[in-house]
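Enquirer: what's the 3D shape of this:
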Amino acid sequence: MTGIDCVFEGLRLIRQPGLRRYVIVPVLINVAIVTAILVYAFFMFDAWIDAIVAQLPDWASFLTWLIWPIAVLAAIIFLMYGFTLVANLIASPFNAVLSTRVEQQLVGSLDDIPEIVWWKVIPRAMGRELAKIFYFLPRLLGLLILTLIPVVNILAPILLLLFSAWMMAVEYTDYAADNNEVGFRDLRRRLAGTRVQSLLFGIFVYVLMAIPVLNLVLMPAAVAGGTVYWAKNLRA
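Expert: Numbering: from 1, shown residues only. Next up is the predicted model:
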């Protein structure tokens, strides 16, 4: 299956009666996080603008008109990446269980499912999520710094888009990899072996993540799709 096929298969799977119940909690978490972030940004946006303007010297006051569009763009980037990181961290135990159920449905039987031991799942899943965050953030910061360097910054948007696609591919295939006791570095090696399809999967998820409302249910679909991608392309 291609990377894009896996996303559509993930959307289909989360509507299955046996898997639907594992989608509810992550969706509720997404709604709560999005609501909190939007409310906070709404009340603080003017204060942020005023603080930035106050730092400008008198001779640079004419740049005030540029601050609004730049601030809006920065806020959108912050919301997208901030939402993804925080929501994935909080929902990681539920996503790990969802990935387990999806993989069992794809390659095995749902009749003999071992009991979920939450006190084991929670620290393992959140620890793995923190490892991904520490992998992503330095690289993301480096790309953002590139946007400030003349000439080089011409390539920055393309590199940022490709990295975002890679980040989505790593993020949502890792639940299945972790469930199969495959190390984080080994997962990245396997994804690099199918780099084009991995990026197709990631960029499709990334684009869907930018669509309001749809992104609230995208996380479980991306987890299911990432598990499909793992089972069809990376598991062997």
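Enquirer: Next, name the residue at the spatial heart of the protein.
Expert: When C-alpha atoms, centre = their mean is applied to the chain, the residue found nearest the centroid is residue 84 (4.5 Å).
Enquirer: do you know how far that one is from residue 153?
Expert: Distance, residue 84 to residue 153, by C-beta to C-beta, to the nearest Å: 23 Å. For the C-beta atoms, the positions are set from N, CA and C on the backbone; glycine is no exception.
Enquirer: Secondary structure element holding residue 97?
Expert: helix 64-107 (DSSP states H and E).
Enquirer: Show me what that helix is packed against.
Expert: The elements that helix 64-107 packs onto, with contact taken as 3 or more C-beta pairs under 8 Å, 6 or more residues apart in numbering; DSSP states H and E, are helix 3-13, helix 17-55, helix 118-146, helix 156-179, helix 214-229.
Enquirer: tilt between that helix and helix 156-179?
Expert: 30 degrees (axes from the mean of the first three to the mean of the last three C-alpha atoms, to 10 degrees).
Enquirer: can you tell me the average pLDDT over helix 64-107?
Expert: The pLDDT scores in helix 64-107 average 77.
Enquirer: What about the nearest residue to residue 75 once chain neighbours are set aside, how many residues nearby?
Expert: Take residue 75 and drop its neighbours on the chain: the residue closest to it by C-beta to C-beta, 6 or more residues apart in numbering is residue 41, 6.1 Å away. Other residues near residue 41 number 15, with proximity taken as other C-beta atoms under 10 Å.
Enquirer: Tell me how far residue 41 lies from residue 104.
Expert: In this view, residue 41 and residue 104 are 40 Å apart by C-beta to C-beta.
Enquirer: what residue ranges in this protein score low on pLDDT?
Expert: Residue ranges of the chain with pLDDT under 70: 1, 52-53, 56-67, 80-81, 108-120, 212-213.
Enquirer: how about residue 148, secondary structure?
Expert: Secondary structure assignment for residue 148 (DSSP: H, G, I helix; E, B strand; the rest coil): coil.
Enquirer: since we're on it, how many residues are nearby?
Expert: Neighbour count of residue 148, defined by other C-beta under 10 Å: 9.
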